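> need a 3D model of the sequence below.
(one chain, ligands or ions: 1)
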Amino acid sequence: MLSQPRSFKAASGVPLQELVDDGLALIVQTLVVDEASVDPDPLTQLSSWLESARSAGEPMPEAMAVATATIDGRPSSRMVLLRGIDHRGLVFYTDRESDKGRDLKTNPFAAALFHWFLPLHRQVRVSGAVEEVDDDQSDAYWRSRPLGARLSAVISHQSEVVAGRAVLEQRMAELAVALPLETGPPRPDRWGGYRIRPEVVELWEEGADRLHDRLRYKSQFGRWTIERLSP
Ligand SMILES: Cc1cc2nc3c(=O)[nH]c(=O)nc-3n(C[C@H](O)[C@H](O)[C@H](O)COP(=O)(O)O)c2cc1C
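This next block holds a predicted model:
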């Protein structure tokens, strides 16, 4: 979805040593992110950028920071893994009684942020309303998780204070003994997926001389509009 390479970053006229000092010694091709060449659907574009990041060797391109806020506007953020993306939005799984889950209960909006450093120099911001993924989908994903991950989700009430690691390890050992391991533990009610339904998506790609490309998609009356922002 990108037009032709336009230059090499080191061709910006800035001596290489200065770029090194600046932490930007990246002799990679800069690609134009262009209103006309990006996909009209930001989620299709994001999927394509995720694939590019994977192909470029990013070990975990689906890791994203998700910010939520309390009802009185106090924000917090944490990393989660994107576990599904389709035309409806971005899905991640968590404990709905965790701090983020409590935020989302009273203030069901979130912002997600991806960043892929070398060699792509891209960031994507997504924000919108959040809904719970339905039980069938949460069950299917639960069953796909390794047994150990399911056990730890059962015994760990995410974000609660715990007296020590030994307490968690003991709970794990007890549950492992008590359970029929063929079936594994059922999904706790408090564990499941959330879907961020994008209202605004911004693509960012580093440009030479900090003249970065920023394209913002906004959802209006069921259609996406694209506008360019100053870097
Ligand atoms: C790379 C990475 C991926 C993570 N993925 C998840 C995830 O998919 N779901 C989750 O609940 N926590 C995940 N975590 C842990 C969260 O960052 C966080 O510690 C946890 O969800 C509790 O957050 P909260 O107290 O703000 O609710 C991940 C952490 C890292 C560093």
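> does the longest strand seen in the chain come close to the ligand?
Scanning the chain for the strand with the most residues, using DSSP state E, yields strand 191-205. No: contact of strand 191-205 with the ligand (CB under 6 Å from any ligand atom) is absent, the minimum separation being 8.8 Å. Backbone N, C-alpha and C define where each C-beta goes, glycine included.
> what helix or strand is the one residue sitting closest to the centre of the chain on?
Nearest to the geometric centre of the chain sits Met64, at 2.7 Å (CA atoms, centre = their mean). Using DSSP states H and E, Met64 falls within strand 63-69.
> next one: Leu151
helix 147-155.
> sorry, back to before: can you work out which other helices and strands pack against the strand holding Met64?
strand 75-81, strand 89-95, helix 99-106, strand 109-116 (3 or more CB pairs under 8 Å, 6 or more residues apart in numbering; DSSP states H and E).
> just put these in CSV and tack on mean pLDDT and mean neighbour count.
Formatted as CSV, the helices and strands packed on strand 63-69 follow (pLDDT from 0 to 100; neighbours: other CB atoms under 10 Å):
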stretch, mean pLDDT, mean neighbour count
strand 75-81, 98, 13
strand 89-95, 98, 21
helix 99-106, 98, 18
strand 109-116, 98, 20
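> tell me which other helices or strands the longest strand of the chain touches.
helix 42-55, strand 89-95, strand 109-116, strand 122-132, helix 135-144, strand 213-220.
> could I get the helices and strands packed on strand 63-69 as CSV with distance to the ligand?
Listed next are the helices and strands packed on strand 63-69 as CSV, based on distance: least, CB to the nearest ligand atom, whole Å:
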stretch, distance to the ligand
strand 75-81, 4
strand 89-95, 3
helix 99-106, 4
strand 109-116, 11
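> would you reformat these as CSV and include distance to Pro146?
Below are these laid out as CSV (distance: least, CB to CB, whole Å):
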stretch, distance to Pro146
strand 75-81, 14
strand 89-95, 13
helix 99-106, 22
strand 109-116, 24
